[in-house]
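Peer 1: Got a predicted structure here, sequence first:
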Amino acid sequence: MKKFIKLTFISMLAVIILAACGGKDDTKTGDAGKKETKDVLAQIKERDKIVFGVKHDTRLFGLKNPSTGDVEGFDIDIAKSLAKEILGDENKVEFKEVTSKTRIPLLNNGDIDAIVATMTISEERKKEVDFTDVYFEAGQSLLVKKGSKIKGLEDLKKGTKVLAVKGSTSAVNIREKAPDTQVLEYENYAEAFTALKSGKGDALTTDDSILYGMADEDPSFELTGGTFTDEPYGIAVKKGNTDLVDELNKALNALKDSGKYDEIKDKWIKQQ
């Protein structure tokens, strides 16, 4: 009986030890895997290419040229210059289309390494992503047909319709600042501007930098009422990638110090 009890005890102890060892190994594997997926900068340098999420519908910042198929704009040139600073060649870059609604999910899924897409830094977004330093200062405004009675926020009353883009801070801001107006949201800026031109709304709201592009495309529209928010743009990366944030900030500072940043800005944002 004593021998049986002793053997049973040894067997139970062995099971416990093996289970504990297995648990430790799984934890290490899990931690290692988690760390590997988080270290986006290492992946970028290993593949020798950086993948940026950019807009395809935002004139002056990120707009697909139908004749060439290339995406062009301020954000695009900034992204290329960042790739040159980090990897030594502006061609070591890949662009994937994002919208205000899809950019964070695509980033968190690992489809893109960073977002350069007129993305405003906000406290709410900081809970989901990490941002670099500000790379462009913008402010929310209104775009209207020339001759419109809407001259500012005070004219957005009951019965007026304002167009905005889904997933943008602009939609949130306009509801707060003009609670009586009706806000209609569209998938992207191209759809929203088309809706404004077809008379489905009285005004379109987003950052002034984007609205300048629309007015440049169709001079029968104009900005009105000045800016009523501060919209600092930042480059977004997946949460926890501090090394990548530091590398991008270092590259941004280099562009500003060399004068390359001002060169790109003057090329695209002539109205600013």
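Peer 2: Done, it's in.
Peer 1: ranges for the helices of the stretch 51-200 of the chain?
Peer 2: Ranges of helices in the stretch 51-200 of the chain, per DSSP state H, counting those that start in this stretch, are 74-87, 103-108, 123-126, 169-177, 189-197.
Peer 1: Including mean neighbour count, mean pLDDT and distance to Leu142, could those helices go into a markdown table?
Peer 2: The way it works is simple: take the backbone N, C-alpha and C, and place the C-beta from them, glycine included. Below are the helices of the stretch 51-200 of the chain laid out as a markdown table (neighbours: other CB atoms under 10 Å; pLDDT from 0 to 100; distance: least, CB to CB, whole Å):
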| stretch | mean neighbour count | mean pLDDT | distance to Leu142 |
| --- | --- | --- | --- |
| helix 74-87 | 22 | 98 | 22 |
| helix 103-108 | 18 | 96 | 24 |
| helix 123-126 | 11 | 94 | 23 |
| helix 169-177 | 18 | 94 | 9 |
| helix 189-197 | 21 | 95 | 11 |
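Peer 1: now for those, which one comes closest to Asp262?
Peer 2: helix 74-87 (11.7 Å; CB to CB).
Peer 1: what's that closest one in contact with?
Peer 2: 44-45, 48-50, 52, 54-55, 58, 60-62, 89-93, 95, 116-118, 135-136, 235, 247-248, 250-252, 254-255, 260-261, 264-265, 267-269 (CB atoms under 8 Å, 6 or more residues apart in numbering).
Peer 1: Give me the distance from that helix to the chain's centre.
Peer 2: 15 Å (CA atoms, centre = their mean, to the nearest Å).
Peer 1: which one is Lys146 nearest to, not counting chain neighbours?
Peer 2: If the residues on either side of it in the chain are set aside, Lys146 comes closest to Glu222, at 5.2 Å by CB to CB, 6 or more residues apart in numbering.
Peer 1: what's near enough to touch that neighbour?
Peer 2: Leu143, Val144, Lys146, Ala215.
Peer 1: CA-only coordinates of whatever helix or strand the last one lives in in CSV, if you can.
Peer 2: Secondary-structure element containing Ala215, defined by DSSP states H and E: helix 208-217. Once non-C-alpha atoms are left out, helix 208-217 reads as follows in CSV (Å, rounded to 0.1, in the frame of the first residue of the first chain):
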residue,chain,number,x,y,z
ASP,A,208,-9.3,73.4,-44.9
SER,A,209,-6.3,71.8,-46.6
ILE,A,210,-8.6,69.2,-48.2
LEU,A,211,-11.2,71.8,-49.0
TYR,A,212,-8.6,74.0,-50.8
GLY,A,213,-8.1,71.0,-53.1
MET,A,214,-11.8,70.8,-53.9
ALA,A,215,-12.0,74.5,-54.6
ASP,A,216,-9.0,74.2,-56.8
GLU,A,217,-10.7,71.4,-58.8
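Peer 1: per-domain residue ranges of the chain.
Peer 2: As recorded under automatic domain parsing, the domains making up the chain are 40-137+232-268, 140-224.
Peer 1: hmm, back to that, same question for the helix holding Ala215, mean pLDDT?
Peer 2: Averaged across helix 208-217, pLDDT comes to 91.
Peer 1: what lines up beside the next helix or strand after that helix in the sheet?
Peer 2: Downstream of helix 208-217, the next assigned helix or strand under DSSP H and E is strand 221-224. According to DSSP bridges, strand 221-224 forms sheet pairs with strand 140-145 (antiparallel).
Peer 1: The partner strand: how far from the chain's middle?
Peer 2: The answer for strand 140-145 is 22 Å, by CA atoms, centre = their mean.
Peer 1: before we move on, what about stretch 208-217?
Peer 2: The answer for stretch 208-217 is 19 Å, by CA atoms, centre = their mean.
Peer 1: in it, what counts as buried?
Peer 2: Using 16 or more other CB atoms under 10 Å as the test for burial, stretch 208-217 gives Asp208, Ser209, Ile210, Leu211, Tyr212, Gly213, Met214, Ala215.
Peer 1: Can you add distance to Ala79 and give the residues you listed back as CSV?
Peer 2: What follows is the buried residues of stretch 208-217, written out as CSV (distance: CB to CB, whole Å):
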residue, distance to Ala79
Asp208, 22
Ser209, 16
Ile210, 17
Leu211, 22
Tyr212, 20
Gly213, 17
Met214, 22
Ala215, 25
